[in-house]
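Undergrad: give me the fold of what follows.
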Amino acid sequence: MNRLYDFIRRHPTWVDSLWAGFLLMLSSLWIVASVSAPPSPDGSDQLPQETGQQVALIPIALALCLVVALRRRAPEKMLLLATGTGLAQLVADVGPFPGNFAFLIIIFTVASRHTRWASRFALAGALLAPTIDTLRWPNSPNESLYAEIFGTLFMTLAFVMAWVLGDSLRTRRAYYLQLEERAKRLEKEREAQAKVAVAAERARIARELHDVVAHNVSVMVVQADGAAYVLDSSPEQTRMALETISGTGRQALAEMRRLLGVLRTGDPGTRDGDEYVPQPGVEQIADLVEQVRGAGLTVNFKVQGTPHPLPSSVELTAYRIVQEALTNTRKHGGPDVGATVQLSYGDDELSVLAEDDGRGAQRELYEEGGADGLGHGLIGMRERVGMVGGALEAGPRSGGGFRIRAALPLKGAD
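TA: Numbering: from 1, shown residues only. Here you go, the predicted model:
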């Protein structure tokens, strides 16, 4: 059955030609009946008895069958052909016969299409055709006027219903097409949102990896260099440096494990009960400062205001800003550099200040967020601060050194 439906949908002209053949068969039977039937004494039948009428009936029937066969391939042209055929039928005085059923079919077909002039023309024909038929070929004299009026109204209703059904089909098709277009548009929007989400997630992971690797590895490198320098002269300092390297490495592994744990969320291979290190916050900044001091960098840490609970996103942003600032100080500050870290608690925002008195980073590392492609840390800072709706200032400070100041609003952050 499905194959039959598929065939009908793929070959509509063949199906219409089959119906046209059936209509031609009925018309042929009508012609044969008109030739063989004797004339009615009272002239009440509508069979064409004259030779001219019978001859004109053949091309009229063929034309109407052609209208049915090609109604979907060329509906507007077939409407005009049906109109011309109807006028010829009036002129030749060929009364109604089975082939006139083609008028209903072409009215329905044209109304179901989107050509408005053709649809309006078909509606006008639907309203006028039954009345013209009654006036041109009145019924038997024995029938009353009321019967003729009722018959005309009934036929008019049938023609109008054919147009209404076709127009309803057109409206339904337009509605389904609109639904399909909307579904395609929503699918494209979902794909675009998915791509944006993937890009944002990649950027977040890149920021996390940079913060973890850049800070901890730089501390390990500094400690390793110091241990190598005092290996023979001061074994105790060497032992302390190695302990710092070991602790920093464990901390880096813990943060990497936390990050990978987030990426493995929902992975069937993840064991139940696995716990990952939580996101660092402002409480861990003191430990971070102590770690940097242990690596040989002088850091002055201050807290202004009364500490109070902060949104997790603000805490993580503040921690990463201080971490990146101290890493940059260690990288670019030069010898004997000192740094200052200050947290200022307010009712509506948390202010983070990190500055040093060294020679500072190269200008291209902070202009436009790292235009040379090397300042990924500052780019990450700007992205983090922007995600919580804050503002970031980064650049050289007067008197030498580098300053980073961030204002992190507390309202609206999660």
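
Undergrad: how far does the helix or strand that Tyr146 is a member of sit from its chain's centre?
TA: Here Tyr146, judged by DSSP states H and E, is contained in helix 145-229. Put simply, helix 145-229 sits 2 Å off its chain's centre (Cα atoms, centre = their mean, to the nearest Å).

Undergrad: can you verify Ser344 is assigned to a helix?
TA: No - looking at Ser344 with DSSP: H, G, I helix; E, B strand; the rest coil, it is strand, so not inside a helix.

Undergrad: need phi/psi at the closest residue to it other than its chain neighbours.
TA: Spatial nearest neighbour of Ser344, chain neighbours left out: Ser351 (3.9 Å); criterion: Cβ to Cβ, 6 or more residues apart in numbering. C-beta: built from backbone N, CA, C; applies to glycine. Main-chain dihedrals, Ser351, degrees, to the nearest 10: phi -100, psi 130.

Undergrad: so who does Ala286 touch?
TA: Phe301 (Cβ atoms under 8 Å, 6 or more residues apart in numbering).

Undergrad: do you know how far Glu208 is from Ala129?
TA: 78 Å (Cβ to Cβ, to the nearest Å).

Undergrad: again, but for Leu64
TA: 13 Å.

Undergrad: the two - which one has more neighbours?
TA: Taking neighbours as other Cβ atoms under 10 Å, Leu64 and Ala129 compare with Leu64 leading, 29 against 19.

Undergrad: so that one, which state does it fall into?
TA: State at Leu64, reduced to three classes by three-state DSSP: helix.

Undergrad: for it, what are its contacts?
TA: Leu64 touches 23, 27, 82, 85, 99-100, 102-103, counting by Cβ under 8 Å, 6+ apart.

Undergrad: can we see that at 10 Å?
TA: 20, 23-24, 27, 78, 81-82, 85-86, 89, 97-103, 105-106 (Cβ atoms under 10 Å, 6 or more residues apart in numbering).

Undergrad: filter these down to the buried ones and hand me the ChimeraX line.
TA: The ChimeraX selection below is limited to those of the contacts of Leu64 classed as buried (16 or more other Cβ atoms under 10 Å):
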select :20,23,24,27,78,81,82,85,86,89,97,98,99,100,102,103,105,106
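
Undergrad: among the contacts of Leu64, which ones are in helices?
TA: The helices, defined by DSSP state H, take in 20, 23-24, 27, 78, 81-82, 85-86, 89, 101-103, 105-106 from the contacts of Leu64.

Undergrad: out of those residues, which is nearest to Ala199?
TA: Closest approach between the ones in helices among the contacts of Leu64 and Ala199, by Cβ to Cβ: Met78, at 54.9 Å.

Undergrad: in this structure that closest one contacts Thr109, no?
TA: Yes - Met78 lies in contact with Thr109 (Cβ atoms under 10 Å); the separation is 7.6 Å.

Undergrad: shared neighbours of those two, anything?
TA: With Cβ under 10 Å, 6+ apart, Met78 and Thr109 have common neighbours 67-68, 71-72, 118.

Undergrad: and the least confident of the ones in helices among the contacts of Leu64?
TA: Lowest in pLDDT among these is Ser27, which has 87.

Undergrad: wait, that one sits on Gly99?
TA: Yes - using Cβ under 10 Å, Ser27 is in contact with Gly99, at 4.4 Å.

Undergrad: on that earlier part again, which of the shared contacts of Met78 and Thr109 tops the neighbour count?
TA: Of those, with other Cβ under 10 Å as the count, Val67 tops at 28 neighbours.
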